[in-house]
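Novice: Here you go, sequence then predicted model.
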Amino acid sequence: MVEPQPSKLVTGVRFPSPAPPATGPASGRVAFDPFLLAPVVFLVLWSSGFICIKIGLAYADPLTFLALRYALVLAFLAPALAFWRPRLPRGREWRDLVVVGLLIQFGYFAGCYLSEEFGLSAGGLALITSLQPILVALLAPRFAGGTIGARHWLGLGLGLVGTVVVIVSRAGVAQVTAAGLLWAGLALAGMTAGTLYEKRTGPAHHPLSAITVQYVVGFVVTLAFAAALEPMRVRWTAPLLGALSYLVLANSLVAVSLLLAMIRRGAVARVSALFFLVPPAAAVIAWLLTGEAIPPFAWLGMGLAAGGVALVARPPARANTGKTGASS
């Protein structure tokens with residue numbers, strides 16, 4: 001799961017559109033944009049996080065575990081802050097960063113941790129949070145200026161059907177509780193609102209200070225709730241340390257930054273459609289790491305989900321305005 005130009009892949013930074021690569025006879029080559037790999041990297045890191053959360057919750061209370069994660073993230077960011085001394089946010093930038101931090105770093109991640117703690121399977125959680133593109137597609141035209149055409153709706157529909165097929169066909173998805181569903185729904189709402197707010201506001205300030213403010217917000221709020229509601233139980237074991245390390249480095253410092261940068265580089269609905277591939281990807285990762293079998297019907301679902309994402313991600317055809325007239 002769950003926290004992208006490589007040094008500026010964080011929230012709160014408005015990136016200019018990249019210059020088109022040099023191609024054709026004059027350049028003699030076609031430039032490769034490394035950012036094209038960002039969706040694949042994000043998908044693998046985000047999907048693996050659901051498994052790591054389940055591992056960590058066996059040894060720590062959910063909010064305590066999340067607070068530990070944020071504390072370690074801030075420990076990694078502190079030396080960078082001391083060295084670069086970035087400009088601090090100003091005026092309404094503070095408000096925007098705090099809002100995004102509350103929605104994503106607390107609302108989404110706390111909801112995910114608590115939903116698994118209250119019995120929802122990792123696959124069930126992945127399925128519910130993968131519904132984010134539907135909400136974004138419905139709300140983006142109003143809040144973020146996006147547009148959704150028939151092709152996008154078809155792609156989103158295929159992705160949803162494929163995701164449902166994958167999760168339902170897995171024998172391990174059986175336990176569902178009201179509390180688990182409630183927290184998963186709150187996580188879905190937090191990520192959707194954070195995505196739309198970030199796309200709409202995204203002030204131009206230093207990336208390092210932006211991401212630090214957001215993680216400070218997540219840490220303070222999560223720690224406060226953990227202290228008030230939990231015994232803050234932690235059993236320091238090798239599996240806990242492994243899961244915590246992965247969530248800190250792969251998710252909090254890479255995956256979330258990739259997500260927020262992709263939001264800026266493309267349409268909101270297209271970026272959010274990646275979430276349709278999270279449940280199938282999580283199933284494949286579990287199969288590779290633990291040998292958990294994937295039913296044949298699940299492969300069909302993964303194919304549908306991939307096709308839906310391809311439809312949503314495909315750029316619209318440009319009209320030809322040459323002498324022969326426009327064509328579609």
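Specialist: That came through, no problem.
Novice: Could you report the neighbour count for Gly162?
Specialist: With neighbours defined by other C-beta atoms under 10 Å, the count for Gly162 comes to 26. Backbone N, C-alpha and C define where each C-beta goes, glycine included.
Novice: my bad, Gly194
Specialist: Gly194 has 26 nearby residues by other C-beta under 10 Å.
Novice: Please identify the helix or strand for it.
Specialist: In the assignment (DSSP states H and E), Gly194 maps to helix 178-201.
Novice: distance between that helix and the chain's centre?
Specialist: Relative to its chain's centre, helix 178-201 lies at 11 Å (C-alpha atoms, centre = their mean, to the nearest Å).
Novice: Okay, buried residues for that helix please.
Specialist: In terms of neighbour count (16 or more other C-beta atoms under 10 Å), helix 178-201 has its buried residues at 180-181, 183-184, 186-199, 201.
Novice: For the helix or strand following that helix, name the packing helices and strands.
Specialist: Sequence-wise, the next helix or strand downstream of helix 178-201 (DSSP H and E) is helix 207-229. In terms of contacts (3 or more C-beta pairs under 8 Å, 6 or more residues apart in numbering; DSSP states H and E), helix 207-229 is packed against helix 62-84, helix 92-100, helix 109-117.
Novice: now the angle from the second one to helix 178-201?
Specialist: An angle of 160 degrees separates the directions of helix 92-100 and helix 178-201 when computed by axes from the mean of the first three to the mean of the last three C-alpha atoms, to 10 degrees.
Novice: Just the mean pLDDT for helix 92-100, thanks.
Specialist: Per-residue pLDDT over helix 92-100 has a mean of 89.
Novice: can I have that helix written out in PDB, keeping just the CAs?
Specialist: Output in PDB follows, covering the C-alpha atoms of helix 92-100 (Å, rounded to 0.1, in the frame of the first residue of the first chain):
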ATOM      1  CA  ARG A  92      -3.000  28.800   3.100                       C
ATOM      2  CA  GLU A  93      -0.300  26.200   2.100                       C
ATOM      3  CA  TRP A  94      -0.300  25.100   5.700                       C
ATOM      4  CA  ARG A  95      -4.000  24.500   5.600                       C
ATOM      5  CA  ASP A  96      -3.900  22.600   2.300                       C
ATOM      6  CA  LEU A  97      -1.100  20.300   3.600                       C
ATOM      7  CA  VAL A  98      -2.800  19.700   6.900                       C
ATOM      8  CA  VAL A  99      -6.000  18.700   5.100                       C
ATOM      9  CA  VAL A 100      -4.300  16.300   2.700                       C
END
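Novice: can you pull the buried residues of that helix?
Specialist: 93, 96-100.
Novice: sorry, back to before: quick one: the helices and strands packed on helix 207-229 as TSV, columns for distance to Ile55 too.
Specialist: Shown next, in TSV, are these (distance: least, C-beta to C-beta, whole Å):
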stretch	distance to Ile55
helix 62-84	10
helix 92-100	28
helix 109-117	10
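Novice: rank these by pLDDT, which is bottom?
Specialist: Lowest mean pLDDT within the helices and strands packed on helix 207-229: helix 92-100, at a mean of 89.
Novice: distance between that one and the chain's centre?
Specialist: 19 Å.
Novice: give me the low-pLDDT residue ranges for the stretch 51-200 of the chain?
Specialist: For the stretch 51-200 of the chain, applying pLDDT under 70 flags the ranges 137, 142-148, 170-176.
Novice: how much space is there between the nearest residue to Pro231 once chain neighbours are set aside and Leu114?
Specialist: Counting by C-beta to C-beta, 6 or more residues apart in numbering, Asp61 is the residue found nearest to Pro231 once chain neighbours are left out, at 6.7 Å. Distance of Asp61 to Leu114, given as C-beta to C-beta, to the nearest Å: 10 Å.
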